[in-house]
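Q: let's see this in three dimensions:
(chains A, B, C and D)
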There are 2 protein chains.
Amino acid sequence: MIKNNLTSCTVSNCNPCDCFDKLSQEELDLIKKNEVIVKYKKGEIICKQGTFASHIMIVQKGLVKVFIDGNTNTLILRIVPTGGMLGLTSLAENSSILKYSALAYVDSEIKLIESNTFKDIVSKNASFALEIINILSANKTQINGRFYCLTYKQSYGKLADILICLADNIFKQTEFELSLSRKDLGELSGMSTESVIRMLKKFKDDKIIDMKGKTIKIIDYPKLQEISELG
Amino acid sequence: MIKNNLTSCTVSNCNPCDCFDKLSQEELDLIKKNEVIVKYKKGEIICKQGTFASHIMIVQKGLVKVFIDGNTNTLILRIVPTGGMLGLTSLAENSSILKYSALAYVDSEIKLIESNTFKDIVSKNASFALEIINILSANKTQINGRFYCLTYKQSYGKLADILICLADNIFKQTEFELSLSRKDLGELSGMSTESVIRMLKKFKDDKIIDMKGKTIKIIDYPKLQEISELG
DNA sequence: CAAATAAACTGACGTGCGTCAGTTTATTTG
DNA sequence: CAAATAAACTGACGCACGTCAGTTTATTTG
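A: Below is the predicted model:
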């Protein structure tokens, strides 16, 4: 059987910003005229579920969480690092209302581009559109994998996934200062805060990770991968 | 708080085939030259995870399940009825290998369109591309909702979701002959076959549904919705 | 149409993990 | 910098649901 390498990781291996390479100077200028860069403080809401979707958002600097606010629970859909893009779903015809919220984990700079401008360009520049399709597809593939994992893996596997994802894709190093709370880790992996705490402790006791304050260091990366694969 | 109406439903409320309206006669002809209609018998594999993605598939007639085959478990991603489209993710650059399989629940007719042809057209016709973006976006929004539900709802809620989805979107009536096995229902909702059986029985005992052989009839639709909402 | 295979069902059992109800440690904020 | 608030942590408890090991009922198939 082919190894399928499914993980709960929230980041797709596709750089959204590459799509701008497909634009003409004219189109780039048009975007420039309809964009604005906004600074958000740590903890500030960038966009809110239920409001009108009006902008494509590009994380210039910082770290953002995208999440669904349910009646009783919260599910984090993605953690978006610098270079990431959000709001693409608002390009669709009948989706003017946001189905998710976004919040800055740390002080962040977001470039806002008017949806209408963006859409105009998409509807005229097919190779740009194809790039957007690429991004959406990569995103869909990634979410399917995560879906599988959150449904079938048990908590140790899910948490291992998240730690690996944070190290590989978000912070790009095995030691990082965690901007996410234990509650966030829970909402990322669909488990309770208390369970996250217990499992992190178990990982620490087993010398797989080390924790000091907000800093997490992965000591035994292969072991973590093994846990992720076993589920 | 705004009611968010999240369900585990697997069908997005967007008709994929509308996208062909955006094509010129020339483009339609080009597709016609590169398409073929294949009949699949009940139970036959239409495409297999791990193989090369080569076609866009459109369900002309029948019922198809799209699923991820994990090491230990199977997760059904979507149930695709007549008019549905699959294989769009293969438009993306680096995704030549299928990340899922598809299988015919009942005797089905599938129109296969060469991915390259399809992609050529997308890369030249921007308004067609925008339609594809619409489909992908709708699909993404739908999967996010389902994601939330499978993560946080408990089994009665998940099963209620599936029954409502089947009635509303797949069979379009409250009484239908179930082409899916109990195992399928489990793989749709991320629960064990035994649990599905027990819960269906509970629904029957509570006079919410009726079952005779393979036929399921929803008696108390509002109650089912209530269970779905309560989770 | 009998034998084989698969699907549907049943009961007993165990446990992973959520919930609750706290305490302790950080972090904010006037 | 003290008071307030939030985050991190701990232990006890329970149950929802998966697993296992069957039996019964459909469905295939030679």
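
Q: average model confidence for stretch A:65-72?
A: For stretch A:65-72, mean pLDDT is 90.

Q: buried residues in it?
A: Using 16 or more other C-beta atoms under 10 Å in any protein chain shown as the test for burial, stretch A:65-72 gives A:65-70. C-beta: built from backbone N, CA, C; applies to glycine.

Q: do it and chain B come into contact?
A: Yes: contact of stretch A:65-72 with chain B (C-beta under 8 Å from any C-beta of the partner chain) involves A:68-72.

Q: re the thing from before, which ones among the buried residues of stretch A:65-72 are found in helices?
A: Among these, DSSP state H puts none in helices.

Q: what segments of chain A are strands?
A: Ranges of strands within chain A are A:35-40, A:45-47, A:55-61, A:63-69, A:74-81, A:85-86, A:101-104, A:108-114, A:175-177, A:209-212, A:215-218, based on DSSP state E.

Q: near DNA strand C, which residues of chain A?
A: Within chain A, the positions adjacent to DNA strand C are A:154-156, A:190-192, A:194-195, A:213-214 by C-beta under 7 Å from any atom of the strand.

Q: tell me the least confident of these?
A: Among the residues of chain A next to DNA strand C, residue A:213 carries the weakest pLDDT, at 84.

Q: can you give me the neighbour number for that one?
A: Around residue A:213 there are 7 other residues, counting by other C-beta atoms under 10 Å in any protein chain shown.

Q: hang on, the earlier thing: make TSV out of the strands of chain A and add distance to DNA strand D.
A: Below are the strands of chain A laid out as TSV (distance: least, C-beta to the nearest atom of the strand, whole Å):
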stretch	distance to DNA strand D
strand A:35-40	16
strand A:45-47	14
strand A:55-61	21
strand A:63-69	13
strand A:74-81	12
strand A:85-86	22
strand A:101-104	11
strand A:108-114	17
strand A:175-177	11
strand A:209-212	6
strand A:215-218	10
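
Q: can you say which of the residues of chain A next to DNA strand C are buried?
A: Buried among the residues of chain A next to DNA strand C (16+ other C-beta under 10 Å): A:155-156, A:190-191, A:195.

Q: now for the residues of chain A next to DNA strand C: which two are most distant?
A: Across the residues of chain A next to DNA strand C, no pair lies farther apart than A:154 and A:213, at 28.0 Å, counting by C-beta to C-beta.

Q: show me the shaky parts of chain A.
A: A:1-4 (pLDDT under 70).

Q: what are the ranges of the helices in it?
A: With helices called from DSSP H, chain A shows them at A:25-33, A:115-122, A:126-152, A:155-165, A:182-189, A:193-205, A:221-230.

Q: now render these as a markdown table, adding distance to DNA strand D.
A: A markdown table is the format used below for these (distance: least, C-beta to the nearest atom of the strand, whole Å):
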| stretch | distance to DNA strand D |
| --- | --- |
| helix A:25-33 | 36 |
| helix A:115-122 | 31 |
| helix A:126-152 | 8 |
| helix A:155-165 | 12 |
| helix A:182-189 | 4 |
| helix A:193-205 | 4 |
| helix A:221-230 | 13 |
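
Q: rewinding a little: closest to residue B:59 among the buried ones among the residues of chain A next to DNA strand C?
A: Nearest member of these to residue B:59, counting by C-beta to C-beta, is residue A:190, at 31.4 Å.

Q: please report the distance of that closest one from residue A:75.
A: Distance of residue A:190 to residue A:75, given as C-beta to C-beta, to the nearest Å: 7 Å.

Q: joint contacts of those two?
A: Residues touching both residue A:190 and residue A:75 (C-beta atoms under 8 Å, 6 or more residues apart in numbering or on different chains): B:151-152.

Q: ok, now which ones touch the closest residue to residue A:102 other than its chain neighbours?
A: Spatial nearest neighbour of residue A:102, excluding adjacent residues (C-beta to C-beta, 6 or more residues apart in numbering or on different chains): residue A:46 at 4.2 Å. Contacts here follow C-beta under 8 Å, 6+ apart; on that basis residue A:46 touches A:40, A:57, A:64, A:101-104, A:108, A:110.

Q: then residue A:40?
A: So residue A:40 contacts A:46, A:62, A:104, A:107-110 (C-beta under 8 Å, 6+ apart).

Q: since we're on the closest residue to residue A:93 other than its chain neighbours, how many residues are nearby?
A: Counting by C-beta to C-beta, 6+ apart, residue A:93 lies nearest to residue B:134, which is 5.6 Å off, once chain neighbours are set aside. Residue B:134 has 21 neighbours, counted by other C-beta under 10 Å.

Q: which of the strands of chain A sits closest to residue B:164?
A: Closest among the strands of chain A, using C-beta to C-beta: strand A:63-69, at 19.5 Å.

Q: show residues contacting that closest one.
A: A:46, A:49, A:74-82, A:84, A:86, A:99-106, A:108, A:110, A:170, A:179-180, A:184, A:187, B:4, B:6, B:144-145, B:148.

Q: now it and helix B:126-152, what's the angle there?
A: Orientation check (axes from the mean of the first three to the mean of the last three C-alpha atoms, to 10 degrees): strand A:63-69 against helix B:126-152 gives 70 degrees.

Q: direction included, what does strand A:63-69 pair against?
A: Paired strands of strand A:63-69, with direction, are strand A:74-81 (antiparallel), strand A:101-104 (antiparallel) (DSSP bridges).

Q: export it as PDB, just CAs?
A: C-alpha atoms of strand A:63-69 as PDB (Å, rounded to 0.1, in the frame of the first residue of the first chain):
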ATOM      1  CA  LEU A  63       0.600  35.100  12.400                       C
ATOM      2  CA  VAL A  64      -3.100  34.700  11.900                       C
ATOM      3  CA  LYS A  65      -5.700  32.100  12.900                       C
ATOM      4  CA  VAL A  66      -8.800  31.400  10.800                       C
ATOM      5  CA  PHE A  67     -11.600  29.800  12.700                       C
ATOM      6  CA  ILE A  68     -15.200  28.800  12.800                       C
ATOM      7  CA  ASP A  69     -17.200  29.900  15.800                       C
END
